[in-house]
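[1] Next comes the sequence, and after it the predicted model I'd like to discuss.
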Amino acid sequence: MWNVCIVGLGYWSDVHFRGWQSVPGVNISAIVDLDSAKLKAKADMYGYRPEQLFTDLEEAMNLVDIDVIDIVTRPDSHLELVSKAAMRGKHVLCQKPFAPTLAECEEMVRICEEAGVTLMIAEGWRWHSHYRKLKEIADSGALGAINFAKIVAKWFFTPTFGDPAKMTQPYFRGMERLMLYEMAPHWIDAYRYLFGDPKAMNAFYTRVSPHIIGDDLAVLLFHHEGMTGMLEAGWASREFAGSSFEQPAGENLMEYVWIEGSEAGLRLTADGVMELIDADRTVRRIEYEPHNLQLSHNRLHRHMIEALSESREPETSGRRYLNVMRIIETAYESGRRSDPIG
């Protein structure tokens, strides 16, 4: 039995509760939050006893049997919490964004490796059923040599930030680094899952919505040996309005993927339709498991337990995930520069 302690009971924690509950051989032995009201609410919702509720992680580790600490708190708290868990010999699942700075991310990786514990980032996008299917087809050789790929991800999101009281995460309004830091890690990691790490990149980013101070539009160009890739991302776009590819809560996923190979092309439309386009331009629909946001997190949590049980490195280990953060840092640096024409 793997005993898990969830730290942080905010907006995204229910996804983690349900994720762990879906994994055989896992018991949530403790929950931690600074807010006693949140603790009581989650205890009532999921049936936890008073002796399982804590406002301090150290106290929880002193009094309860815990193997894995699942950190679902704001990024600026991650270094402290990961350090506490690692020093007590606990494995760690850490919510993305990993940390505010690359240096903090690198420090967490160092601390966990020296302590001999596993650090995995709770990155769910690569576990979506459509990305697993895209990867399966790309790796099968059906496309031939891949020479170009792009992921286009568009929501109409930041223009709705006018009233903080209506937002689930009102602190987004004041973040100097916003979409590239908060949301783009999903798409960047999915890109890396499909195509590997680029050798170099260029980037552009800007702000569209008047209700934020950070970025909500970005274009990233990735350079590989024999291949070019692109991520076009926006949180203030109506481009995919009306698409039917929905998450369980009704929010449109609104992603488009195109992969060009020497033998065939592969696309995922914003309506969730996957199609293989052969050399003679014959279009063949590809069936795959319907998208479900919670299911992707169930896979993520199961993967961590399987990796721990088999003593192998998780797909999104802290060390592997450092490259996501390096791409983000490079994008912000690249986006500050522009080359004049003429």
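    Thanks, I have the structure now.

[2] can we go C-alpha only for contacts and neighbour counts from here?
    Will do.

[3] where does the stretch 201-342 of the chain dip in pLDDT?
    244-253 (pLDDT under 70).

[4] Okay, helices next: where are they in the stretch 151-300 of the chain?
    Taking DSSP state H, counting those that start in this stretch to define them, one finds helices in the stretch 151-300 of the chain at 179-182, 184-195, 293-309.

[5] Switch those over to JSON lines; also include mean neighbour count and distance to Glu104.
    Output for the helices of the stretch 151-300 of the chain, formatted as JSON lines (neighbours: other Cα atoms under 10 Å; distance: least, Cα to Cα, whole Å):
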{"stretch": "helix 179-182", "mean neighbour count": "22", "distance to Glu104": "14"}
{"stretch": "helix 184-195", "mean neighbour count": "21", "distance to Glu104": "16"}
{"stretch": "helix 293-309", "mean neighbour count": "20", "distance to Glu104": "22"}
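
[6] of all the ones you listed, which lies closest to Thr206?
    Checking these against Thr206 by Cα to Cα gives helix 179-182 as the closest, at 9.9 Å.

[7] Stretch 93-105: which residues count as buried?
    For stretch 93-105, a neighbour-count test (16 or more other Cα atoms under 10 Å) marks 93-100, 102, 104-105 as buried.

[8] Any chance of TSV for the residues you listed, columns pLDDT?
    TSV is the format used below for these (pLDDT from 0 to 100):
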residue	pLDDT
Leu93	98
Cys94	98
Gln95	96
Lys96	95
Pro97	94
Phe98	97
Ala99	97
Pro100	95
Leu102	97
Glu104	98
Cys105	98
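
[9] which ones among the residues you listed are found in strands?
    Counting by DSSP state E, the part of those found in strands is 93-95.

[10] measure the spatially most central residue of the chain to Phe17 for me?
    Nearest residue to the geometric centre of the chain (Cα atoms, centre = their mean): Glu123, 3.4 Å. To Phe17, Glu123 is 15 Å away according to Cα to Cα, to the nearest Å.

[11] ditto for Lys38
    Counting by Cα to Cα - Lys38 and Phe17 are separated by 14 Å.
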